[in-house]
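> Structure of the sequence below:
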Amino acid sequence: MRSYLVGGAVRDRLLGRPVTDHDHVVVGATPEQMLALGYRPVGKDFPVFLHPQTAEEYALARTERKTGRGYHGFAFHADPGVTLEQDLARRDLTINAIAQDEDGALVDPFDGRRDLEQRVLRHVSPAFVEDPVRLLRVARFAARFAPLGFTVAADTMALMRHMVAEGEVDHLVPERVWAETRRALAEPQPSAFLRVLREAGALAVLFPEVDALYGVPQRAEYHPEVDTGVHLELVLDMTARLAPGDDLAGFCALCHDLGKARTPAGVLPGHIGHEHAGVAPLRELAARLKVPAEHAALAELVCREHLNAHRALELKPATVLRLLTRLDALRRPRRLDTFLVVCEADQRGRLGRSEAAYPQATFLRAAREAAAQVDATAFLARGLAGPDIGAAMERARIAAIAALPRPTAA
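The predicted model follows:
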């Protein structure tokens, strides 16, 4: 019985990145032996155990065999005769198929260390095509490692295109698509997730509402990048820069301009009303992927209201208050913060404008604070009751917003 550190812990250590998860594979052991040593079982489909002291995961070495379509179409086999190399062979990418023994020596049968050095995401074996989730994982790893210069190997991309052409991606369950997407949106360069999926042909299958944005022109004086799909990529990456690791902001950014794909050809390159046209495709996407309620709700608010945020310095005080009310910003200031991150990313996610100022965010935060200072106490003391209190508070909040200095638009 021998145990090995595997997967992301080995990969990230070799890359000089922080190691957060320690997963192990155990060779030459039975479930009964693991239980006798005090390990706690957690695996449902195959034997996985938690270490009695560290709570780190230890999985028995296993092989897998394709038995049907989709993510669940596999049979797993684990016994003491399964070798470390056989276990590593079932993994997705060579950079994830490196093991380290208890003495620190590496076991690297698929040249994962070479691919780390060459900054390549490469599949371990032709069996890669058997699991459609791997396509999403490659795109997610691209979003994580693109800042380090990683690209997808040509032969791996060819396999991914084959998976799409054969309809394997059609069998992905919504929960897995969302789980991988959510993680990708929290990575440092989410645009790489879209580019890899699009190059493989999977974006049109999994995210047709997003894929439809590519090739749609915008007015060059506002969008020097012109292509709406390129703008979306810039906005996603700017969102990741402004709010690292925030998948809620990332999802709002992903969906903020979906309406531009529905602009009639005769209106292009203008997009009047796109903020309202985007609500229907956003709802379709969110329902199909079973997106969490808050993600869907805030994304819809960003879609509807991001132009009002851009115009905030010109809006009347009463209109500013109505905007804050629609956002529920007085009760939920963090929601306003996320909203403003995406709106700022929308303004700065344009070719040559990444360092532009966005004073609208400062003003709207100040407006929220000024309005929030108004409460019912003073009006109760004056003898007001019922609807009169609400009306008086609204007037006071509008006056407080009107008293704020307005910065100059960038």
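> most remote residue from the chain's center?
Relative to the average C-alpha location in the chain, and by Cα atoms, centre = their mean, no residue lies farther out than residue 383, which sits at 51.0 Å.
> where does it fall, phi/psi-wise?
Listed backbone geometry of residue 383 is phi 90, psi 10, with angles given as degrees, to the nearest 10.
> Against residue 391, how distant is it?
Residue 383 sits 14 Å away from residue 391 when distances are taken as Cβ to Cβ, to the nearest Å. For every residue, glycine as well, the C-beta is placed using N, CA and C.
> Which positions within the helix or strand containing residue 181 qualify as buried?
When elements are defined using DSSP states H and E, residue 181 is found to belong to helix 174-185. Buried residues in helix 174-185, counting neighbours by 16 or more other Cβ atoms under 10 Å, are found at 176-178, 180-185.
> Farthest-apart pair in these, please.
In the buried residues of helix 174-185, the most distant members under the criterion Cβ to Cβ are 176 and 185, with 15.0 Å between them.
> pLDDT at the spatially closest residue to residue 47 that is not a sequence neighbour, what is it?
Using Cβ to Cβ, 6 or more residues apart in numbering and skipping residues adjacent in sequence, the residue nearest residue 47 is residue 60, 4.4 Å away. What the model reports for residue 60 is a pLDDT of 93.
> Is residue 209 in a helix, a strand, or coil?
The three-state label given to residue 209 by DSSP: H, G, I helix; E, B strand; the rest coil is helix.
> Please shift the residue numbers so they start at 48 in all later answers.
Renumbered: residue one is now 48, and that last one reads residue 256.
> doesn't residue 332 make contact with it?
Yes - at 5.0 Å, residue 256 counts as touching residue 332 under the criterion of Cβ atoms under 8 Å.
> so what sits against both of the two?
Here residue 256 and residue 332 have 302, 305 as joint contacts, going by Cβ atoms under 8 Å, 6 or more residues apart in numbering.
> Once you drop chain neighbours, what's closest to residue 331?
Setting aside the residues directly before and after it, residue 331 is nearest to residue 256 in space (Cβ to Cβ, 6+ apart), at 6.6 Å.
> how close does that neighbour sit to residue 230?
The span separating residue 256 from residue 230 equals 20 Å under the rule Cβ to Cβ.
> now do residue 109
Using Cβ to Cβ, one gets 24 Å for the distance from residue 109 to residue 230.
> what do you get for residue 194?
Residue 194 sits 16 Å away from residue 230, going by Cβ to Cβ.
> just residue 328 next, same as before
Taken as Cβ to Cβ, the spacing of residue 328 relative to residue 230 amounts to 23 Å.
> And residue 50, by the same measure?
Look at residue 50 and residue 230: by Cβ to Cβ, they are 27 Å apart.
> same check, this time on residue 53
For residue 53, the distance to residue 230 (Cβ to Cβ) stands at 19 Å.
> What does residue 333 show for phi and psi?
As for residue 333, its main-chain torsions (degrees, to the nearest 10) stand at phi -60, psi -40.
> If you tally nearby residues, what's the number for it?
By the measure other Cβ atoms under 10 Å, the count of residues near residue 333 is 21.
> And the helices in the stretch 98-247 of the chain?
Using DSSP state H, counting those that start in this stretch, the helices found in the stretch 98-247 of the chain span residues 131-136, 159-165, 180-192, 201-212, 221-232, 238-247.
> can you list those in a markdown table and add distance to residue 368 and mean pLDDT?
Compiled in a markdown table, these are given as follows (distance: least, Cβ to Cβ, whole Å; pLDDT from 0 to 100):
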| stretch | distance to residue 368 | mean pLDDT |
| --- | --- | --- |
| helix 131-136 | 60 | 94 |
| helix 159-165 | 54 | 98 |
| helix 180-192 | 38 | 97 |
| helix 201-212 | 48 | 97 |
| helix 221-232 | 31 | 97 |
| helix 238-247 | 36 | 98 |
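> Just tell me which of those ends up closest to residue 394.
If we rank these by Cβ to Cβ, the stretch that ends up nearest is helix 238-247, at 17.0 Å.
> Could you pull up the residues touching the most centrally placed residue in the chain?
Nearest to the mean C-alpha position of the chain, counting by Cα atoms, centre = their mean, stands residue 232 at 1.7 Å. For residue 232, the residues meeting the contact criterion (Cβ under 8 Å, 6+ apart) are 240, 283, 287, 294, 297-298, 300-301.
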